[in-house]
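[1] Sharing a sequence plus its predicted fold:
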Amino acid sequence: MKTLVTAIQKGGQGKTFVTCHLAFDAYERELRTVVLDLDLQGNASTTLGKFNCGFTASGLFKGDTKGLLKAVKEHSQGGLSLISADAALANIDSSMELAKAATALRECIAVLSEYYDLCLIDTAPALGKAMSAAVLASDYMLSPIELEAYSLQGMKLMNAQIDNLRKYNTKLKFLGMVPNKVDARKPRHVANLAALRAAYPDKVMPVSVGLRDSIAEALGTNIPVWEIKKTAARVATKEVRALAQHVFKKMEIAE
Ligand SMILES: Nc1ncnc2c1ncn2[C@@H]1O[C@H](COP(=O)(O)OP(=O)(O)OP(=O)(O)O)[C@@H](O)[C@H]1O
Ligand SMILES: [Mg+2]
């Protein structure tokens with residue numbers, strides 16, 4: 001099983017959009033996939049609600065490997081499973097030691113690896129312990145980013161955090177930033193994208209996603225964007241499929 005965490009401490013950049021669409025795409029590729037929603041807001045848990053396996057995310061930090069095993073054993077046969085966010089996730093950031101949280105999460109990921117090919121982790125917009133533990137327990141990471149000044153500023157902080165956590169997880173591969181909600185008609189976006197690529201030549205993905213209404217509509221109705229029956233959804237579909245292909249190829253789970 002390969003594990004990918006989607007993280008950036010700034011809110012609204014597209015973490016949940018990317019996580020859910022990679023999950024939908026992987027499901028269609030018949031990759032056995034499990035999604036861990038570590039964000040108290042529970043947005044991915046809503047969008048992927050019908051795939052809920054019954055185990056809740058705070059349990060991943062309590063070392064409840066028996067409960068986890070019971071929940072996923074049968075559910076994994078459906079191809080896509082959700083471990084949904086729950087209120088007790090708040091305690092991880094407020095009162096758990098990072099090393100303990102990371103160890104417990106790693107143990108649960110080891111259990112999941114018997115049943116799934118791919119584990120996708122959605123995180124909260126905070127440099128908290130749940131997010132850091134997820135980075136410590138993952139093989140790959142990506143960060144969606146809007147092309148606005150505050151987001152670019154946020155990415156600087158995120159890069160420092162990744163460099164720091166990488167000392168403790170040397171296998172972590174940063175797949176890159178995913179420019180998201182790009183509006184090619186805005187000179188500011190075009191200039192910011194060029195500046196981002198110049199500043200981080202190896203850290204920006206060659207694929208990007210435009211500002212597409214159909215993406216917000218899809219997430220709000222709990223379906224992938226390719227199921228939106230509007231002409232405008234076609235461009236979004238193409239971009240999202242290209243993103244999934246790029247990511248899965250880099251993770252060596254697609255040709
Ligand atoms: N490419 C896009 N085009 C249009 N809308 C988008 C796009 N990507 C995401 N959105 C919308 O922007 C909002 C934020 O996206 P999303 O929830 O994925 O971000 P997030 O990083 O997970 O946010 P949070 O940090 O709050 O969890 C959502 O309403 C989503 O539907
Ligand atoms: Mg989110």
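    Structure's in. What do you need? Ligands and ions are numbered 1, 2, ... in the order given.

[2] Next up, phi/psi of the residue nearest to residue 9 when sequence neighbours are not counted, please.
    Once flanking residues are discounted, residue 9 sits nearest to residue 127: 4.6 Å by C-beta to C-beta, 6 or more residues apart in numbering. Any C-beta I mention is one placed from the backbone N, CA and C, and that applies to glycine too. Here is the backbone geometry of residue 127 (degrees, to the nearest 10): phi -80, psi 50.

[3] what comes up buried for the worst-scoring helix or strand of the chain on mean pLDDT?
    Across the helices and strands of the chain, mean confidence by mean pLDDT, DSSP states H and E is lowest for helix 149-166: a mean of 89. Residues of helix 149-166 classed as buried: 151-152, 154-155, 158-159, 161-162, 165-166 (neighbour count, 16 or more other C-beta atoms under 10 Å).

[4] Would you reformat the residues you listed as JSON lines and include distance to ligand 1?
    Output for the buried residues of helix 149-166, formatted as JSON lines (distance: C-beta to the nearest ligand atom, whole Å):
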{"residue": "151", "distance to ligand 1": "10"}
{"residue": "152", "distance to ligand 1": "15"}
{"residue": "154", "distance to ligand 1": "11"}
{"residue": "155", "distance to ligand 1": "13"}
{"residue": "158", "distance to ligand 1": "12"}
{"residue": "159", "distance to ligand 1": "17"}
{"residue": "161", "distance to ligand 1": "15"}
{"residue": "162", "distance to ligand 1": "16"}
{"residue": "165", "distance to ligand 1": "19"}
{"residue": "166", "distance to ligand 1": "22"}
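
[5] what secondary structure does the residue in the stretch 51-200 of the chain positioned nearest to ligand 1 sit in?
    Residue nearest to ligand 1 within the stretch 51-200 of the chain (C-beta to the nearest ligand atom): residue 125, separated by 3.4 Å. Using DSSP: H, G, I helix; E, B strand; the rest coil, the structure places residue 125 in coil.
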